[in-house]
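Undergrad: Build me a structure from this.
(one chain, ligands or ions: 1)
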Amino acid sequence: MDTKRKVIIDCDPGIDDMFALILCIRHLDVRGIVAVGGNTGLEYTQRNARFATELTGRPDIPVYAGYDMPMLNQLVRATEVHGSGGIGDIEIREPEKKLEKEHGADFLIRTFMENDDISLITLGPLTNVAQAILKEPELKKRIPEILCMGGSATSGNATPAAEFNILVDPEAAKIVFESGIPIKMAGLNLTRQNHMDMADVEQLRAIGGTVGDFAADILEFSVKNSDFTSICDACAVAWWVDDQVITKSIRTQVDVETKGEFTRGMTVCDWRDFMGTDPEQEISREKCWNKYKTSGNVEVAMEFDQKRFREVLFDTVRSYKEMN
Ligand SMILES: [Ca+2]
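TA: This is a model prediction of the structure:
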């Protein structure tokens with residue numbers, strides 16, 4: 001019996017999304033991929049998602065296009081990080097794999113209204129998911145769980161307060177975080193614990209094969225761009241690929257700031273009951289008080305086993321080579 005977790009992946013590939021797809025397609029039962037505009041435009045993110053299915057030998061996985069633009073926000077892209085085509089400076093051919101005709105948001109609605117056992121992974125701005133919830137509010141009761149790469153328990157990256165995925169579409173993120181759907185948040189405070197550099201590029205190149213070569217190429221672009229990279233989306237999905245990679249998480253209340261002069265797009269985590277006395281650990285790992293009694297809508301990932309993550313990643317890339 002196949003016991004792999006069934007998932008839909010909503011993403012904006014994106015270099016780190018590609019690593020996440022390489023992991024998920026091997027280890028999870030991926031029922032569909034929905035592209036969203038984010039790191040780059042939808043024109044490229046949906047193409048890269050289709051390319052990922054061919055790269056991994058799984059062109060049977062359906063790929064849908066969702067929304068290109070945020071709900072209200074002005075357009076923000078990260079093409080300086082991912083290249084205008086989303087996967088560095090690598091030129092890829094147009095995949096043979098075709099895009100599904102159904103809109104990505106409608107696919108989300110149909111899938112979650114008809115199934116009870118499929119979870120959702122989000123690796124980009126939350127536009128598609130929020131639009132789907134607005135169109136079919138029953139989704140709030142139908143999506144069992146969302147694993148979200150987004151936000152941060154501490155610092156942002158796009159601004160001092162905000163992480164990129166949330167900043168791109170704060171209104172969408174607010175709708176999702178207030179939906180009542182259980183959320184696992186793997187934010188920057190977690191993913192920054194992973195540093196990939198040229199040694200990792202060389203290791204991927206040494207593994208080789210179609211997936212290994214491609215992974216080495218896009219990682220090299222990332223590393224040359226900024227000395228090291230965290231491949232955030234891959235760190236996030238590791239939570240469901242291998243439950244030993246995320247070694248500590250804390251449930252607390254997380255709200256999305258949409259109005260702040262300096263803090264728009266911030267994931268405001270309620271750490272008031274977790275403020276300990278150790279200055280080296282700003283957020284205590286256990287509750288110090290029980291004064292504020294917030295409901296705790298989000299499980300926030302806090303600690304990451306980098307060694308184990310690397311083993312999982314490199315083993316996965318190797319496994320694709322052995323498959324060919
Ligand atoms: Ca992404």
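Undergrad: gap between the two ends of stretch 4-15?
TA: 25 Å (Cα to Cα, to the nearest Å).
Undergrad: do the same with stretch 176-193
TA: Length of stretch 176-193, first residue to last, Cα to Cα: 26 Å.
Undergrad: likewise stretch 64-83?
TA: Start to finish, the residues bounding stretch 64-83 are 22 Å apart (Cα to Cα).
Undergrad: The spatially most central residue of the chain and the ion, how far apart?
TA: With distances taken as Cα atoms, centre = their mean, Leu123 lies nearest the centre of the chain, 2.4 Å away. Distance of Leu123 to the ion, given as Cβ to the ion, to the nearest Å: 4 Å. Using the backbone N, CA and C atoms, a C-beta is placed for each residue, glycine as well.
Undergrad: try Ala173
TA: From Ala173 to the ion the distance is 14 Å (Cβ to the ion).
Undergrad: got the contact list for that residue?
TA: Contacts for Ala173 were tallied using Cβ atoms under 8 Å, 6 or more residues apart in numbering; they are 125-126, 130, 150-151, 165-166, 256, 265, 267.
Undergrad: which regions of the stretch 151-300 of the chain lie under the pLDDT threshold?
TA: Low-confidence segments of the stretch 151-300 of the chain (pLDDT under 70): none present.
Undergrad: For it, what lies in contact range of the ion?
TA: Asp233 (Cβ under 5 Å from the ion).
Undergrad: re the thing from before, quick one: which of the contacts of Ala173 is nearest Leu99?
TA: Pro125 (19.2 Å; Cβ to Cβ).
Undergrad: My read is that the closest one contacts Gly38, right?
TA: Yes. Counting by Cβ atoms under 8 Å, Gly38 is a contact partner of Pro125 at 4.7 Å.
Undergrad: Show me what counts as buried in stretch 104-114.
TA: By 16 or more other Cβ atoms under 10 Å, the buried positions in stretch 104-114 come out as 104-109, 111-112.
Undergrad: can you redo those as JSON lines with distance to the ion and pLDDT?
TA: Formatted as JSON lines, the buried residues of stretch 104-114 follow (distance: Cβ to the ion, whole Å; pLDDT from 0 to 100):
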{"residue": "Gly104", "distance to the ion": "15", "pLDDT": "98"}
{"residue": "Ala105", "distance to the ion": "18", "pLDDT": "98"}
{"residue": "Asp106", "distance to the ion": "22", "pLDDT": "98"}
{"residue": "Phe107", "distance to the ion": "19", "pLDDT": "98"}
{"residue": "Leu108", "distance to the ion": "17", "pLDDT": "98"}
{"residue": "Ile109", "distance to the ion": "22", "pLDDT": "98"}
{"residue": "Thr111", "distance to the ion": "20", "pLDDT": "98"}
{"residue": "Phe112", "distance to the ion": "21", "pLDDT": "98"}
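Undergrad: Need the residues you listed in a markdown table (columns: secondary structure and distance to Ser179).
TA: As requested, these are arranged in a markdown table below (DSSP: H, G, I helix; E, B strand; the rest coil; distance: Cβ to Cβ, whole Å):
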| residue | secondary structure | distance to Ser179 |
| --- | --- | --- |
| Gly104 | helix | 18 |
| Ala105 | helix | 14 |
| Asp106 | helix | 18 |
| Phe107 | helix | 18 |
| Leu108 | helix | 13 |
| Ile109 | helix | 14 |
| Thr111 | helix | 16 |
| Phe112 | helix | 12 |
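Undergrad: circling back: any chance of a markdown table for the contacts of Ala173, columns neighbour count and secondary structure?
TA: Below are the contacts of Ala173 laid out as a markdown table (neighbours: other Cβ atoms under 10 Å; DSSP: H, G, I helix; E, B strand; the rest coil):
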| residue | neighbour count | secondary structure |
| --- | --- | --- |
| Pro125 | 31 | coil |
| Leu126 | 31 | coil |
| Ala130 | 23 | helix |
| Gly150 | 31 | coil |
| Gly151 | 29 | coil |
| Asn165 | 30 | helix |
| Ile166 | 32 | helix |
| Val256 | 24 | strand |
| Gly265 | 28 | coil |
| Thr267 | 29 | strand |
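Undergrad: tell me which of those residues is nearest to the ion?
TA: Distance to the ion, by Cβ to the ion, is smallest for Asn165 among these, at 6.4 Å.
Undergrad: what kind of secondary structure is the closest residue to the ion within the stretch 201-324 of the chain in?
TA: The nearest approach of the stretch 201-324 of the chain to the ion comes at Asp233, 4.7 Å away (Cβ to the ion). Three-state call for Asp233 (DSSP: H, G, I helix; E, B strand; the rest coil): helix.
Undergrad: how near is it to Leu139?
TA: 23 Å (Cβ to Cβ, to the nearest Å).
Undergrad: all helices of the stretch 1-150 of the chain, in order?
TA: Remark: helices assigned in the stretch 1-150 of the chain by DSSP state H, counting those that start in this stretch are 15-27, 42-55, 79-82, 104-114, 127-135, 139-142.
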